[in-house]
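*Asks:* Generate a structure from the sequence data that follows.
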Amino acid sequence: MHLFHEMSKKGMIPNVVSYTTLIARFCRVKRVLAAIELFNTMLACGQHPDPQTYAILLDGLCKNKRIVEAMALFQEIVEKKLDHNIVFYNILIDSMCNVGELTTAREIFSSLLAKGLQPNVRTYTIMVKGFCKEDLIDEAIELLEKMEGNGCSPNEHTYNTIIHGFLQHGETTKAMEYLKMMVDKGFSANATTTALFIDLLLSNQVDENIQELLPKFE
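*Replies:* The predicted structure is shown next:
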């Protein structure tokens, strides 16, 4: 911020990159009010935020659980007809799932195709995680199957997310089934998923042969 103010004193006008860099940093260290203030200063100085600026601030608001401000900012993006691609919607959907607003997340997700937007692997994975978090295991499985049917292949993160959800809710049989499916597709369990399976192995809750499907972590 010292350098930022020095620029102005020396007659150099901060541009969109200068503002966006600082806004990103404020959001990262959870100084979201300072980020909002800087964003408003940017507008007052006649600098026009680009899609990246909006995406960074939107993400910062969501991660700091300032949902009202996030929704207002998103509405501004829509009204200004800015290039609000699937990234913006992923941020919103993820935020809604994290604060327990699964119904709202589902509504946003369901509206994507009507808006001409195709959910990507991150969009589906966010929704799978949201369903697992609310113990809606069958809906998570159904969405995973629908995802593949829509030509969007699950990745390693998607499989780890649903397996983690199974294990958290005691669905060990399903977890083992999807672990094998994931390995057959060339993916690996991440450190968190592996640790959960090892805990089950130690307590004799799963077949010891499952160990062959788990990666070795140092």
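*Asks:* Contacts for stretch 190-205, please.
*Replies:* 156, 160, 163-164, 167, 172, 175, 179, 189, 206, 208, 210-211, 214-215, 217 (CB atoms under 8 Å, 6 or more residues apart in numbering). C-beta coordinates here come from the backbone N, C-alpha and C atoms, glycine included.
*Asks:* Looking at those, which two lie furthest apart in space?
*Replies:* 156 and 208 (24.0 Å; CB to CB).
*Asks:* quick one: the helices in the protein?
*Replies:* Remark: helices assigned in the chain by DSSP state H are 2-9, 16-28, 32-44, 51-63, 67-79, 86-98, 102-110, 121-133, 137-149, 156-168, 172-184, 191-202.
*Asks:* Kindly reformat those as TSV containing mean neighbour count and mean pLDDT.
*Replies:* Listed next are the helices of the chain as TSV, based on neighbours: other CB atoms under 10 Å; pLDDT from 0 to 100:
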stretch	mean neighbour count	mean pLDDT
helix 2-9	10	85
helix 16-28	18	94
helix 32-44	16	94
helix 51-63	21	91
helix 67-79	15	88
helix 86-98	21	91
helix 102-110	17	94
helix 121-133	22	96
helix 137-149	16	93
helix 156-168	22	95
helix 172-184	17	94
helix 191-202	16	91
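*Asks:* how close does residue 28 sit to residue 1?
*Replies:* 14 Å (CB to CB, to the nearest Å).
*Asks:* Next one: the residue minimising distance to the centre of the chain from residue 184, what distance?
*Replies:* Most central in the chain under CA atoms, centre = their mean is residue 94, positioned 4.8 Å from the mean C-alpha point. The gap separating residue 94 from residue 184 is 28 Å, by CB to CB.
*Asks:* which residues touch residue 19?
*Replies:* Contacts of residue 19 by CB under 8 Å, 6+ apart are 38, 39, 41, 42, 47, 49, 53.
*Asks:* Could you report the separation of the second one from residue 31?
*Replies:* In this structure, residue 39 and residue 31 are separated by 12 Å, where distance is defined by CB to CB.
*Asks:* Need the pLDDT of residue 218.
*Replies:* pLDDT for residue 218: 53.
*Asks:* If you could redo that for residue 81, that was the one I meant.
*Replies:* If you check residue 81, the pLDDT there is 75.
*Asks:* ditto for residue 14
*Replies:* pLDDT, residue 14: 88.
*Asks:* Renumber starting at 791 from here on
*Replies:* In the new numbering, first residue 791, that becomes residue 804.
*Asks:* Right, I'll call it a day here.
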